[in-house]
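S.K.: Return atomic coordinates for the entry below.
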Amino acid sequence: MFDWIYANPVLAALLGTLFTWGLTAAGSALVFPFANVSKKLFNGLLGFSAGVMIAASFWSLLNPAIILAEETGMNPVLQASLGFLSGGLFILLIDRYLPHMHVMTKHEEGVKSSWHRSVLLVLAITLHNIPEGLAVGVAFGYAATVAGGSTAAAAAIGGAVALAIGIGIQNFPEGAAVSVPLRREGMSKTKAFMIGQFSGMVEPIAGVVGALLAISMQTILPFSLSFAAGAMIYVVVEELIPESQMMETTKIATIGAMVGFVVMMTLDVALG
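M.R.: Below you'll find the model as predicted:
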């Protein structure tokens, strides 16, 4: 069913990340029928997104990286550790130097800038979605390098598909979590929607880049997979979890994270 991915992994990555972008836009579109979202639901959505990304980081990225490193005679601990930490460092540096504004706290970070508030919000959202697109792209690129027809190949393809589905599912509430609060603050519905859906626009670009890197530099695939995992975990720990715990309804966010983790784990196990 997915044999065409071997011949067209970049196209598969593009389609997968267009899917994740589409669900982001669909979630952002909730700003039109709904003017507000309860704090409990908002926290639950943030927690759910965090849970999906944590599960995806291990089941779809770190675990395959460790297995691949072992199969190719590399040091799995070294490859996974260096890749994971490098991914986190990459996002940390972007976070430090790219001007952006947090959606929830309105706190500005990065170098000082006179850019408009909406531009800073878009940059912040874009920063968060780069690791997701990169992860999907690297996963499809990795799947294309595994010997066709083998059990490992089927598992790799299933894992990439599961990752795209999981990221897409968590992007739906993530889009709403961006656009609805902006509308609540007085921004027009159309502008709030455009900013929210823009958060997923970077994913197809990052996905194609990730797939191309995975195909062209197969010797560093374990590092690349771990890199994507580290970048995602940095975003979760730096942004999603703290923002989901800002309000009184923290238990809702925790339950959401647990549910999100199980959903992603189930997808990966079932398809991979």
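S.K.: Tell me the gap between whichever strand or helix holds I165 and the middle of its chain.
M.R.: Using DSSP states H and E, I165 sits within helix 151-184. Computed by C-alpha atoms, centre = their mean, to the nearest Å, the chain-centroid distance of helix 151-184 equals 7 Å.
S.K.: Go through it and flag the buried ones.
M.R.: By 16 or more other C-beta atoms under 10 Å, the buried positions in helix 151-184 come out as 153-183. Using the backbone N, CA and C atoms, a C-beta is placed for each residue, glycine as well.
S.K.: With stretch 51-61 instead?
M.R.: 51-61.
S.K.: So for A156, what's the nearest residue that isn't a sequence neighbour?
M.R.: A143 (4.0 Å; C-beta to C-beta, 6 or more residues apart in numbering).
S.K.: Run a quick neighbour tally on the one you found.
M.R.: The number of residues packed around A143, counting by other C-beta atoms under 10 Å, is 27.
S.K.: That one sits in which helix or strand?
M.R.: helix 117-145.
S.K.: Give me the mean pLDDT for that helix.
M.R.: Mean pLDDT, computed over helix 117-145, is 77.
S.K.: same check, this time on stretch 175-189
M.R.: Stretch 175-189 comes out at a mean pLDDT of 78.
S.K.: Show me how far that stretch is from its chain's centre.
M.R.: The mean C-alpha position of stretch 175-189 is separated from the chain mean by 21 Å, C-alpha atoms, centre = their mean.
S.K.: ok, which stretches of the stretch 1-150 of the chain are strands?
M.R.: For the stretch 1-150 of the chain, the strands defined by DSSP state E, counting those that start in this stretch cover 100-101, 108-109.
S.K.: So for A156, what's the pLDDT?
M.R.: For A156, pLDDT reads 79.
S.K.: One more: G44?
M.R.: G44 is given a pLDDT of 84.
S.K.: Tell me which residues touch it, please.
M.R.: 252-253, 255-256 (C-beta atoms under 8 Å, 6 or more residues apart in numbering).
S.K.: Repeat the analysis, applying 10 Å as the threshold.
M.R.: Taking C-beta atoms under 10 Å, 6 or more residues apart in numbering as the contact definition, G44 lies against 37-38, 173, 177, 244, 249, 251-257, 259-260.
S.K.: Roughly how far does it sit from I252?
M.R.: G44 sits 5 Å away from I252, going by C-beta to C-beta, to the nearest Å.
S.K.: Now do the shared contacts for those two.
M.R.: With C-beta under 10 Å, 6+ apart, G44 and I252 have common neighbours 38, 244.
S.K.: Any idea how far apart the tips of stretch 145-154 sit?
M.R.: One end of stretch 145-154 sits 12 Å from the other (C-alpha to C-alpha, to the nearest Å).
S.K.: Could you do stretch 241-256 as well?
M.R.: Start-to-end, stretch 241-256 (C-alpha to C-alpha) is 11 Å.
S.K.: Distance from it to the middle of the chain?
M.R.: With C-alpha atoms, centre = their mean, you get 19 Å for stretch 241-256.
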